[in-house]
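Student: Just need the structure, nothing else, for what follows:
(one chain, ligands or ions: 1)
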Amino acid sequence: MINEKMVKLGTKRSIIREIFEYGKRRKAEIGEENVFDFTLGNPSIPAPKEINDAIIKNLSRKDAHGYTSAVGDNKLRENIASNLNKRFGTNFTFSNLFITYGAASALCSTLRALLNEGEEVITFAPFFTEYTVFTEAQGGKLVVVPANLETFQINFMEFKKLINKNTKAVIINSPNNPSGVVYSEDTIKELANVLRDKQLEYNHEIYLITDEPYREIAYGVKVPFVTKYYDNTIVCYSYSKSLSLPGERIGYVLVPDEVKDSKNVYAAVAGAARALGHVCAPSLLQFAIAECTDLTSDLKAYEENRNLIYNGLTDLGYECVKPDGAFYLFVKALEPDAYEFYKRAMKYDILVVPSDDFGVTGYVRIAYCVSKETIINSLPKFKLLMDEYK
Ligand SMILES: Cc1ncc(COP(=O)(O)O)c(C=O)c1O
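Tutor: Got it, this is the predicted structure:
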């Protein structure tokens, strides 16, 4: 008998993927320009030219296709540490960094490193749907704090009710997928205070895992660097969005020295990655990114898209919290059942993702990492959709 849980995971596609596949079929039928596909968080801005140049240049290395050490190439780790130190006034070294296959593997390795069977991980709705899979696969239980629908900042009243002696870790994601909200410094400070109090009360460590693939995609607001506010913070990062490299699978786990027993925690992350089949992140990409750690893609277009779609939809009467980062808009559906609303939108070839899997009902996620034309041409369709409800 094979593992039924895994069969289920492998056969039940995520709704996002399902809609995306439908979109591909529909585009083949009626033409790409007639489908307004806002489903996937696939960066629309190309990777910087420097990355492509660095890949080509590093191809001539003798070890271009060889293994690196499991923890990652030293030069890459050194350059990431110095980039973070420059930007955030920290004192990291290469030995705080473990290079992974993107944020997904960074999160799985971190969760596997921290969790014993049955321990709980708390996250805040709305949240990245894969946290459930990642946590349960590592033997943990994901506990979801209901959303603060006014601001999509943390709902502390509900958080304090749910944190308990089995809580081993908390995952935050800011800028957030799917709300686009950036957690303010006040939110992070309050979160750190609650966690410090609870660590004392329960007499064990509670780790704060900060999932940061959208760190650099913020529109004129400060994204607090969380390790400075709470010692037991572990950062999971990815180059998928900031350098537009989602298919190259590269990111890292950062375990600061301030984490209690940090050397062991780092060793556990390495051990967990090993147990999950990690050998080393793609070498050529490690060498190339080592030369580009101070760069991002030209992210301005996302802010232009944010303004275009936020202003366009709110002018039509749609409701949403103005996102300060990432490339998502979390819009209130025009009827209580987000799934019904998403199906109505489909009639106009507008493809959006119903919010239920993100832990909130009655909203849809719009990924605006698309061309400007897609947004402009979708607005009359959004108007027709709105008119249906008047
Ligand atoms: C919040 C969040 N975390 C993690 C990931 C996974 O990123 P990666 O492609 O680096 O594995 C994503 C991808 O969209 C995401 O939105």
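
Student: Just give the number of residues close to the residue of the stretch 1-150 of the chain found nearest the ligand.
Tutor: Closest residue of the stretch 1-150 of the chain to the ligand, Cβ to the nearest ligand atom: Gly102 (2.8 Å). In this view, the C-beta of every residue, glycine as well, is placed from N, C-alpha and C. Neighbours of Gly102 under the rule other Cβ atoms under 10 Å: 23.

Student: Show the pLDDT at it.
Tutor: At Gly102, the model reports a pLDDT of 97.

Student: and whichever residue of the stretch 251-390 of the chain sits closest to the ligand, how many residues sit next to it?
Tutor: Minimum separation of the stretch 251-390 of the chain from the ligand (Cβ to the nearest ligand atom) falls at Gly251, amounting to 5.0 Å. Residue neighbour count, defined by other Cβ under 10 Å, stands at 27 for Gly251.

Student: Which residues does it form beta bridges with?
Tutor: Thr100, Ser238 (DSSP bridges).

Student: shaky segments in this structure?
Tutor: In the predicted model of the chain, no residue satisfies pLDDT under 70.

Student: how's it carved up into domains?
Tutor: 4-47+297-388, 49-290 (automatic domain parsing).

Student: Give me whichever of these is most buried.
Tutor: domain 49-290 (a mean of 19; mean count of other Cβ atoms under 10 Å).

Student: how long is that domain end to end?
Tutor: End-to-end span of domain 49-290 (Cα to Cα, to the nearest Å): 15 Å.

Student: Can we start the residue count at 45 from this point?
Tutor: Yep, numbering from 45; the last one is domain 93-334 now.

Student: Now do the contacts for His248.
Tutor: Going by Cβ atoms under 8 Å, 6 or more residues apart in numbering, His248 touches Lys209.

Student: and the stretch 95-244 of the chain, which residues reach the ligand?
Tutor: Within the stretch 95-244 of the chain, the positions near the ligand by Cβ under 6 Å from any ligand atom are 146-148, 172, 217, 221.

Student: Make sure Pro300 is indeed in a strand.
Tutor: No: under the criterion used here (DSSP: H, G, I helix; E, B strand; the rest coil), Pro300 is coil, not part of a strand.

Student: Apart from its chain neighbours, what residue comes closest to it?
Tutor: Leaving out its chain neighbours, the residue that sits closest to Pro300 by Cβ to Cβ, 6 or more residues apart in numbering is Thr271, at 4.9 Å.

Student: Relative to the ligand, how far out is that neighbour?
Tutor: Using Cβ to the nearest ligand atom, to the nearest Å, one gets 18 Å for the distance from Thr271 to the ligand.

Student: Quick check: that residue is in a strand.
Tutor: No: if the criterion is three-state DSSP, then Thr271 is helix and not within a strand.

Student: Surely it is in contact with Asn135?
Tutor: No: between Thr271 and Asn135 there is no contact under Cβ atoms under 8 Å: 10.4 Å.

Student: Show the residue spans covered by the helices in the protein.
Tutor: In the chain, the segments counted as helices under DSSP state H are 48-55, 59-74, 93-102, 118-132, 146-158, 174-181, 200-206, 229-246, 306-319, 327-334, 344-360, 382-391, 416-432.

Student: out of the ones you listed, which comes closest to Tyr407?
Tutor: helix 382-391 (5.9 Å; Cβ to Cβ).

Student: and that closest one, what other elements does it pack with?
Tutor: strand 397-398, strand 407-411, helix 416-432 (3 or more Cβ pairs under 8 Å, 6 or more residues apart in numbering; DSSP states H and E).

Student: Which residues of the stretch 295-434 of the chain lie near the ligand?
Tutor: Counting by Cβ under 6 Å from any ligand atom, the stretch 295-434 of the chain sits next to the ligand at Gly295.

Student: Mind doing that once more with 8 Å?
Tutor: 295, 370 (Cβ under 8 Å from any ligand atom).

Student: For the ligand, what's its nearest residue on the stretch 245-394 of the chain.
Tutor: Closest point on the stretch 245-394 of the chain to the ligand, by Cβ to the nearest ligand atom, is Ser282, at 3.0 Å.

Student: which residues sit in contact with that residue?
Tutor: Neighbours of Ser282 in contact, by Cβ under 8 Å, 6+ apart: 146-148, 150, 256-257, 294-295.

Student: if we can go back for a sec, may I see the helices of the chain organised as a markdown table, with distance to Thr167 added?
Tutor: Below are those laid out as a markdown table (distance: least, Cβ to Cβ, whole Å):
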| stretch | distance to Thr167 |
| --- | --- |
| helix 48-55 | 19 |
| helix 59-74 | 18 |
| helix 93-102 | 31 |
| helix 118-132 | 24 |
| helix 146-158 | 11 |
| helix 174-181 | 5 |
| helix 200-206 | 10 |
| helix 229-246 | 12 |
| helix 306-319 | 19 |
| helix 327-334 | 28 |
| helix 344-360 | 24 |
| helix 382-391 | 20 |
| helix 416-432 | 30 |
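
Student: Do me a favour and get the end-to-end distance for stretch 323-343?
Tutor: 32 Å.

Student: How about stretch 399-418?
Tutor: Note: stretch 399-418 ends 22 Å apart using Cα to Cα.

Student: Quick check, central residue of the protein?
Tutor: Pro257 (4.9 Å; Cα atoms, centre = their mean).

Student: shouldn't that one be in contact with Ile294?
Tutor: No: Pro257 is not in contact with Ile294 according to Cβ under 8 Å; the separation is 11.3 Å.

Student: Quick check: closest non-adjacent residue to Pro398.
Tutor: Ala382 (3.8 Å).

Student: So the one you found versus Leu423, what's the distance?
Tutor: To Leu423, Ala382 is 21 Å away according to Cβ to Cβ, to the nearest Å.
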